[in-house]
Structures are given as structure tokens and as C-alpha cells.
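J.: Have a look at this prediction, sequence included:
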Amino acid sequence: MVDNAAWTKKLSQRVMQLGGSATLQVSKQAAQLRQQGHRVVDLGVGEPSCPTPSCILSAAMQALQQSDISHYTAAAGLPDLLTALQQKLARDQGLQYNTSQLLVTPGAKAALSLTFDTLLQPGDEVILFAPYWTSYKALVQLAGATPVVVPTHAQDGYLPNMQALQQALSDKTKVVLINSPANPSGALWSKQRLQQLWQLLQQRPVWVVSDEIYSRFVFDGLEYVSPASLSREAYERTVVIDGVSKTYAMTGWRIGCVAASDYVISHMLKLHSQRFTCATALAQYAASFALSEGRQVAQAVQQMRQNYQRRRDTLLPQIKQLPHIGCSTPQGAFYLLLDISAYIGRSYGNITIADDVTFCQQLLQQQHVATVAGSAFGTPGTVRLSFAADDAQLGEGIARIKTWLRQLH
């Protein structure tokens, strides 16, 4: 008979110490409540509520009927997809890459994982700005490096203080990670702030990894600026992460991408071919059509951006009416980060709200509203709410949260 306790000790300590995805865990709990017959308002998941645009589905159906999708593609990606990606980066981010500088991956998370495993080694440090997307820290640790967290604050719009960043930099710093607009805060790095960053890094051998997955969802007429666009040096030292999940409502298709120097991509491609072989062929055909962005796709993307800004503008006054809840105005993406610290220490029946995790757990159990605790993003005392959900769910969700807050004493 196998001694499970003994065998457990033989597993990778890196994996044993790893936490699961907080957002996927919330989705799992919400699904379990639905199976029990409850009507759950899911404001936790970070994906568009709208389906993939029908024109992209039609392109995938055509590829299914006319293309040979039953075989491996080139490890770097389909030639047509690489060309479409090249054109997209030039069109949307002002970045000029050769197709040899591009790599298609099974999702943007895989792109990040490959990037960290290519750039980092044990002893290296990676600067993260809190609040940060929950998977960043885990992926850095899995690469054997150490996350160094620089906190940001609501009163600053969750944008980093350059002095705090300077203090966090060390001889071990290998990467500074930027996500703009940011998940979960919606913070947008301006051109001036990016220039300040490069001034700090000018004499340091540090890479910038720029997660640009939300770059098309910027509000109030503001401009998105990629850190790679500011100078030749910035271009050569930046690794750009992107994908189709958010912009084209294609989260389940799992297509991400990396853009970087030939030297970085050539080594990353070796790791990619060993780990993944290639991204799914059918999904690559659909992504190629999406990224080429004909009139129908462009209209769908513009409609999504307008819907997100309208939902943000509708929600913010409602949030401000919630007692003792703080919330800064996101400049992009589709999240609100609520400050619920005033409710920590209060009680619901015989249950004490000890932290933001308990707050979210009880909100889900008592009011069937799914949100994500800010602790998962490095910002305890907050809660992330996604306004990618449809209007009806958002309205019902806010009403239930208001009821929940009234029950805490």
C-alpha cells in the first residue's frame, strides 16, 4: 500500500507551495452554487460577458471546412497570424516588429510564463506594482525568481511613486513588470510616467515586461502608450505581452503572443516548442481574422469599449452611495477596486469579517454575488468587481451588495 504522506514529500516544493488561481476558485464556487439552484451574480470573472463576434466565428467555421487544421502548425505560429499580429502591433501600439520577433502562445498567461522562464534565473528579482494581477507573483516564483512588491495607493490612482520604485531596485533586479491599463485597478501609465521609468532604468541592465492585454480598453479619450515605443533602447529592452482574449471576447480560444528582440524570441521559441509545440490551429485561424480587424471586428471592439466606459460611468455613482466604501476611477480595463476596509472587524450573525477574503466568501454565500478578494492582488482590504458582466447582472449585483453591507454590524 502506498504511503501517501511519504510520496507527498517527494513532490516539487515549488508546486506544493503554490496557491491556485483566486479568480478561477471564485468561478468554481459560483458554479457550485448555481448547481444547487441559486441565482448567482458573477462579478468576479475577468472576461467579457458578450460572445465572440459572429464574424470571427464564421471565419473559424470557414477555416474548419477549408483549412488543414488537423496538423501541427509552425511552433512560432501560422504565417498569416504572425503577419496579422505584426500589423496589429503597428496599428494599435505604434510598434514595428519583424515576424521573426513574434511568438504565438496558448494564451497570454503562457506568454508570460515563457517570458519569465527565458529571462529569469534563481536569485533574480522582479518588481511588481500592487495591486497586481494575481498570477504574476506565482509565475515569477515558478521561474525561480523573487517578486519584489512596490505598493501603490488609491489616492494616487494606483500609479507608482518613482521614489518608491527607485528604493525597490537593486543589483538583483532583472525585470520591471508593467500592466497598463491594470488589472485590477484600471490604472493607466501616461507617456510622462513611462519616460520617468526609463530614466530610472537607463543605467541598469533591467528588462521591462509590458502586459498590454487591455490596451484597447482605455477611457475618456486618453491615449495608450506602450513603453516599447519611447526610444530605440526602450524597444530593445521591452518584452510585449498581448493576446486576443479581452479585445475580441475570445478568452476560451487561448491565443496570446510575445513581441521582443530576435535574440529573446529565438531562445523563447526553443522553450515554447518543448513545452507547448504550438497553439491550437483552429484558434490561430480565428485569431488571424480577429487581429486583421476588418470593419465588422473593428465595430465590435469599439462597441465593447463604449459599453465598458458606459458601465463604469453608471456604476461609479452607485458605488459612491454605498456607505463607507471607497473606489478610485479606473482609466481603462473593466474592473473596479473597492476599498472595504471599514467593514473588516464587523460581524454577520456569529461570523466576524476578519479580512477581505472572509468578506468575499460571505458575500457569495449570503447574497450569491461573486467578487475577488484584493489580497489575491496584493492589496488587502479591497475587493475587485468586474464590470465586464452585463448591465442586468451589474445592477442586481450592486443592489445585493448594498443589502449585504446593511447586515454587517
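T.: Perfect, I can see it now. Residues are numbered from 1 along each chain as shown.
J.: now the host helix or strand of L291: mean pLDDT?
T.: Using DSSP states H and E, the element containing L291 is helix 281-292. For helix 281-292, mean pLDDT rounds to 97.
J.: gap between that helix and the chain center?
T.: 21 Å (C-alpha atoms, centre = their mean, to the nearest Å).
J.: likewise stretch 178-197?
T.: 13 Å.
J.: Now do the buried residues in it.
T.: 178-189, 193-194, 197 (16 or more other C-beta atoms under 10 Å). C-beta coordinates here come from the backbone N, C-alpha and C atoms, glycine included.
J.: end-to-end on it?
T.: For stretch 178-197, the first-to-last residue distance is 10 Å (C-alpha to C-alpha, to the nearest Å).
J.: what is the mean pLDDT for it?
T.: Mean predicted lDDT for stretch 178-197 stands at 98.
J.: Following element in sequence after the helix holding L291, please.
T.: Trace forward from helix 281-292 with DSSP H and E and the next one is helix 295-320.
J.: And for F219, the neighbour number?
T.: Around F219 sit 21 other residues, with neighbours defined as other C-beta atoms under 10 Å.
J.: separation between it and L315?
T.: 13 Å (C-beta to C-beta, to the nearest Å).
J.: And for Q196?
T.: Remark: distance between Q196 and L315 (C-beta to C-beta) = 31 Å.
J.: Could you list the buried residues of stretch 315-334?
T.: 315-316, 319, 322, 325-328, 330-334.
J.: State the pair within those that is farthest apart.
T.: L322 and G332 (22.9 Å; C-beta to C-beta).
J.: re earlier: out of the buried residues of stretch 315-334, list just those in helices.
T.: 315-316, 319 (DSSP state H).
J.: about what we covered before: identify those among the buried residues of stretch 178-197 that sit within helices.
T.: Mapping the buried residues of stretch 178-197 onto helices (DSSP H) picks out 193-194, 197.
J.: pull the helix or strand with minimum mean pLDDT from this structure.
T.: The least trusted helix or strand in the chain, going by mean pLDDT, DSSP states H and E, turns out to be helix 4-8, with a mean of 65.
J.: I'd like the next helix or strand past that helix.
T.: Taking DSSP H and E, what comes next after helix 4-8 is helix 13-16.
J.: just checking, what packs against that following helix?
T.: Judged by 3 or more C-beta pairs under 8 Å, 6 or more residues apart in numbering; DSSP states H and E, helix 13-16 is in contact with no other helix or strand.
J.: quick one: average confidence on that helix?
T.: On average, helix 13-16 scores 76.
J.: where's that helix relative to the chain centroid, distance-wise?
T.: 23 Å.
J.: and after that helix, which helix or strand comes next?
T.: Moving toward the C-terminus from helix 13-16, the next element (DSSP H and E) is helix 22-35.
J.: what's next to the helix or strand following that next one, contact-wise?
T.: On the C-terminal side of helix 22-35, the nearest following helix or strand under DSSP H and E is strand 41-42. Residues outside strand 41-42 that contact it (C-beta atoms under 8 Å, 6 or more residues apart in numbering): 27, 30, 368-370, 389, 393, 396-397, 400.
J.: let's see 6 Å
T.: Strand 41-42 has contacts (C-beta atoms under 6 Å, 6 or more residues apart in numbering) with 30, 369-370, 393, 396-397.
J.: Now the two most distant members of these.
T.: A30 and E396 (14.0 Å).
J.: Give me the more crowded residue out of the two.
T.: More crowded of A30 and E396, by other C-beta under 10 Å: A30, with 21 against 16.
J.: quick one: the more buried one and T371 touch, right?
T.: No - counting by C-beta atoms under 6 Å, T371 is not a contact partner of A30; they are 10.1 Å apart.
J.: Stretch 48-65 - what's its average pLDDT?
T.: 95.
J.: from what I can see P181 touches A333, true?
T.: Yes - contact criterion C-beta under 6 Å: P181 and A333 qualify, at 4.2 Å.
J.: Overlap in contacts, these two.
T.: Here P181 and A333 have Y214 as joint contacts, going by C-beta under 6 Å, 6+ apart.
J.: is it true that R346 touches A354?
T.: No - R346 lies out of contact with A354 (C-beta under 6 Å); the separation is 10.0 Å.
J.: higher neighbour count, these two?
T.: When neighbours are counted by other C-beta under 10 Å, R346 and A354 differ, and R346 comes out ahead with 16 against 10.
J.: ok, the closest residue to the more buried one other than its chain neighbours to G345 distance?
T.: Sequence neighbours aside, L408 is the residue nearest to R346 in space, at 4.2 Å (criterion: C-beta to C-beta, 6 or more residues apart in numbering). L408 sits 10 Å away from G345, going by C-beta to C-beta.
J.: so L128 sits in a helix?
T.: No - checked against DSSP: H, G, I helix; E, B strand; the rest coil, L128 lies outside a helix; its state is strand.
J.: Identify the bridge partners of it.
T.: V149 (DSSP bridges).
J.: Contacts only, for it.
T.: When contacts are taken as C-beta under 6 Å, 6+ apart, L128 is in contact with 136, 147, 149, 177.
J.: Could you export those as a markdown table, including distance to L78 and neighbour count?
T.: Formatted as a markdown table, these follow (distance: C-beta to C-beta, whole Å; neighbours: other C-beta atoms under 10 Å):
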| residue | distance to L78 | neighbour count |
| --- | --- | --- |
| Y136 | 29 | 25 |
| P147 | 34 | 19 |
| V149 | 38 | 17 |
| L177 | 28 | 25 |
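J.: Looking at these, which two lie furthest apart in space?
T.: V149 and L177 (10.6 Å).
J.: Report how many residues lie close to E125.
T.: 21.
J.: V149 is in contact with that one, correct?
T.: No - under the criterion of C-beta under 6 Å, E125 makes no contact with V149, lying 10.6 Å away.
J.: then whatever helix or strand S113 lives in to PDB, C-alphas only?
T.: Here S113, judged by DSSP H and E, is contained in helix 108-119. Presented in PDB, the C-alpha positions along helix 108-119 are these (Å, rounded to 0.1, in the frame of the first residue of the first chain):
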ATOM      1  CA  ALA A 108      -1.300  35.400 -22.600                       C
ATOM      2  CA  LYS A 109      -0.600  33.600 -19.400                       C
ATOM      3  CA  ALA A 110       1.600  31.100 -21.300                       C
ATOM      4  CA  ALA A 111       3.300  34.100 -22.900                       C
ATOM      5  CA  LEU A 112       4.100  35.500 -19.500                       C
ATOM      6  CA  SER A 113       5.300  32.100 -18.200                       C
ATOM      7  CA  LEU A 114       7.600  31.600 -21.200                       C
ATOM      8  CA  THR A 115       8.900  35.200 -20.800                       C
ATOM      9  CA  PHE A 116       9.800  34.700 -17.100                       C
ATOM     10  CA  ASP A 117      11.400  31.300 -17.700                       C
ATOM     11  CA  THR A 118      13.500  32.800 -20.500                       C
ATOM     12  CA  LEU A 119      14.600  36.000 -18.800                       C
END
